[in-house]
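what shape does this take:
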Amino acid sequence: MPYKQQQNCYRTIKGVRYVNFCDVLGSEEDMIVRQVKAKRIAHRLVKHKDGFNVLFVHEDHVHEVQ
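Model (predicted):
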């Protein structure tokens, strides 16, 4: 079975491409989500089948998060 690197994964939501930024597994990732919200960066939190959230960031704003 082929695997993709996380940075190569994305979702198209309402015609807009959102890049997989990180899995939200702990306090460090929670801080990233808070920073993204504070900066008003277009993002989506998607529930993973294993119960955690995955942070997707609009492809034009990925550089603003890092």
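
what residue ranges in this protein score low on pLDDT?
1-7, 66 (pLDDT under 70).

in it, which spans are helices?
Shown for the chain, the helices assigned by DSSP state H span residues 27-38, 62-65.

pick the most buried one from these.
Mean neighbours per residue, mean count of other Cβ atoms under 10 Å, is largest over those for helix 62-65, with a mean of 14. Any C-beta I mention is one placed from the backbone N, CA and C, and that applies to glycine too.

which one of the helices of the chain lies closest to residue 12?
Nearest to residue 12 among the helices of the chain is helix 62-65; the distance by Cβ to Cβ comes to 15.1 Å.

quick revisit: for residue 51, which of the helices of the chain is the nearest?
Closest among those, using Cβ to Cβ: helix 27-38, at 14.2 Å.

for the helices of the chain, which one sits closest to residue 8?
Closest of the helices of the chain to residue 8 is helix 62-65, at 12.6 Å (criterion: Cβ to Cβ).

other SSEs contacting the closest one?
Using 3 or more Cβ pairs under 8 Å, 6 or more residues apart in numbering; DSSP states H and E, the elements in contact with helix 62-65 are strand 16-24, helix 27-38.

7 Å instead?
Counting contacts by 3 or more Cβ pairs under 7 Å, 6 or more residues apart in numbering; DSSP states H and E, helix 62-65 is packed against strand 16-24.

quick one: the strand it packs on to chain centroid distance?
3 Å (Cα atoms, centre = their mean, to the nearest Å).

so who does residue 9 touch?
Applying Cβ atoms under 7 Å, 6 or more residues apart in numbering to residue 9 gives the contacts residue 20.

go again using 8 Å as the cut-off
The contact partners of residue 9, taken as Cβ atoms under 8 Å, 6 or more residues apart in numbering, are 19-20.

quick one: it from residue 46, how far?
To residue 46, residue 9 is 11 Å away according to Cβ to Cβ, to the nearest Å.

same check on residue 32?
Noted for residue 32: a distance of 15 Å to residue 46, by Cβ to Cβ.

try residue 31
Taken as Cβ to Cβ, the span from residue 31 to residue 46 is 19 Å.

what residues does stretch 14-33 touch?
Contact partners of stretch 14-33, identified using Cβ under 8 Å, 6+ apart, comprise 6-7, 9-12, 42-45, 48, 52-59, 62, 65.
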